[in-house]
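J.: curious how this folds, go ahead:
(one chain, ligands or ions: 1)
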Amino acid sequence: MSSNITDKALNIPSFIVMDVLERARVLEGQGIDIIHMEVGEPDFDTPDCIVQAGCQALKEGKTHYTHSQGLLLLREAICEDYHKRYGVSFDPDQVIVTMGTSPALLMLFAAMLDKDDEIIMTNPYYPCYANMVKFLGGVPRLVPVTPEESFHLTPEKIKPFLSRKTKAILINSPANPTGMCMDPEVMEEIVGIGVPIISDEIYHGIRYEGKDHSFLEFQQEAFVINGFSKRYAMTGWRLGYLVVPKNWIRPLQKMQQNFFISASDFAQWAGLAALREAQPDVDRMVQTYRERRDYLYTALNNLGFKIYDLPQGAFYLFADCREFSENAYTFAFDILEHAHVGITPGIDFGPMGEGYVRFSYANSLENIKEGVKRIREYLKNS
Ligand code: PMP
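T.: Numbering: from 1, shown residues only. Presented below is the predicted three-dimensional model:
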């Protein structure tokens, strides 16, 4: 007796950055030193005040299922945080705490999409968006954005992609993989199109110029996705959340109950400490990212990579590598094999990423400098 693996399971694309990382780990297993600039994960340990709160929670027996929507205290703290940062108000009952933003995205898409329904997103995009939408039978409608226009999305660019099947416009600002941020005037114009917005605000707080704005400032019914992974260096705690209009809560809550039951109890207590106490740690991390960004931007441009704009947020540089190779996928793996530096091929982020590679500067300045040195040597000799 045997079961068939579904086509959608067989055909879901790999997350190429993980392929790079896994190959890097094999090389490391052979004793080779690798500089990691591929993964989108803060290199900092979780700030001490958060770790303390997590340990305390474990000791106090916070090791059980929680309310499926998450601890009320945490949901209230999320409301306060949004009120303080953006002046917006929503009810703790509109929040569902999840195990990272990834399940939040998956549940939201699953609740929103029937077969062939469409989600509009930029190209390049965070790969899991398109992969999840397709897995669920939906269609990602990809709006090309170019470095010449600072990867900016505008209502004019979106309009030709609207159809009867459009369910939402998905925005990620600060953006992965480009680090670009959307101006509040443009956010308002995009809301003016009259389509629901899904705003992935996971990189909020990692901002070097300007100020973050939530889409909730412009569209009360916007769907917000956020999490603790990036701002608070908490990737391994697996904690995120969704903010949705009230009539969406019950279905999403039932999905959460069936699929995941609840987010981790002690991680939620740690998340509470993050919101209440960790801003000084975030400020310190952002300052360090800024120094690395400034160094890497100049160093890569000097090597012959083309990066038009200095990114204003997140911790990525999306660099044109066509000066060196037409095939960025091969180029990235060659750099890994021969220069021992991990970087991500741009094609991971959609067709517009061809000819580009993404550098993550979530690594120490010392390692970043060593990475640049190795790439310089490699380019000289190839
Ligand atoms: N959205 C974006 C844009 C991301 O870059 C990531 C992580 N790379 C996620 C969502 C998922 O993060 P997590 O599940 O750790 O919250």
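J.: for M180, which non-adjacent residue is closest in space?
T.: Nearest residue to M180, sequence neighbours excluded (CB to CB, 6 or more residues apart in numbering): F151, at 4.5 Å. All C-beta atoms are positioned from the backbone trio N, CA, C, and that covers glycine.
J.: for that neighbour, what is the enclosing helix or strand?
T.: For F151, there is no helix or strand it lies in under DSSP states H and E.
J.: you'd agree it is up against P177?
T.: No: when contacts are counted by CB atoms under 8 Å, F151 is not listed as touching P177 (9.2 Å).
J.: more neighbours: which of those two?
T.: Between F151 and P177, counted using other CB atoms under 10 Å, P177 has the larger neighbour count: 30 against 24.
J.: tell me the pLDDT of that one.
T.: What the model reports for P177 is a pLDDT of 97.
J.: now do V17
T.: 89.
J.: so the nearest residue to it once chain neighbours are set aside versus E38, what's the distance?
T.: With CB to CB, 6+ apart as the criterion, V17 has its nearest non-adjacent residue at 4.5 Å, and that residue is T344. In this view, T344 and E38 are 5 Å apart by CB to CB, to the nearest Å.
J.: what do you get for I206?
T.: Counting by CB to CB, the gap from I206 to E38 is 18 Å.
J.: for the ligand, what's the nearest residue on the protein?
T.: Of all residues in the chain, the one sitting closest to the ligand is G100 (3.0 Å; CB to the nearest ligand atom).
J.: picking up where we left off before, bridged to the residue nearest to V17, which residues?
T.: Going by DSSP bridges, T344 is paired in beta bridges with R358.
J.: got a list of what it touches?
T.: I16, V17, V20, E38, P177, A332, V357, R358, S360 (CB atoms under 8 Å, 6 or more residues apart in numbering).
J.: quick check: L336 is in a helix.
T.: Yes: the assignment for L336 is a helix, going by DSSP: H, G, I helix; E, B strand; the rest coil.
J.: which neighbours do T344 and E38 have in common?
T.: V17, V20, R358, S360.
J.: and the gap between I12 and V133?
T.: Taking CB to CB, one finds I12 at 11 Å from V133.
J.: who's more crowded, these two?
T.: V133 (24 against 13).
J.: what secondary structure does the nearest residue to that one once chain neighbours are set aside sit in?
T.: Nearest-residue entry for V133: P140, 4.8 Å, with adjacent residues in sequence omitted and distances by CB to CB, 6+ apart. At P140 the chain is in strand, as set by three-state DSSP.
J.: my read: P140 touches M121, true?
T.: Yes: if you go by CB under 8 Å, P140 and M121 touch, sitting 5.7 Å apart.
J.: thank you, goodbye.
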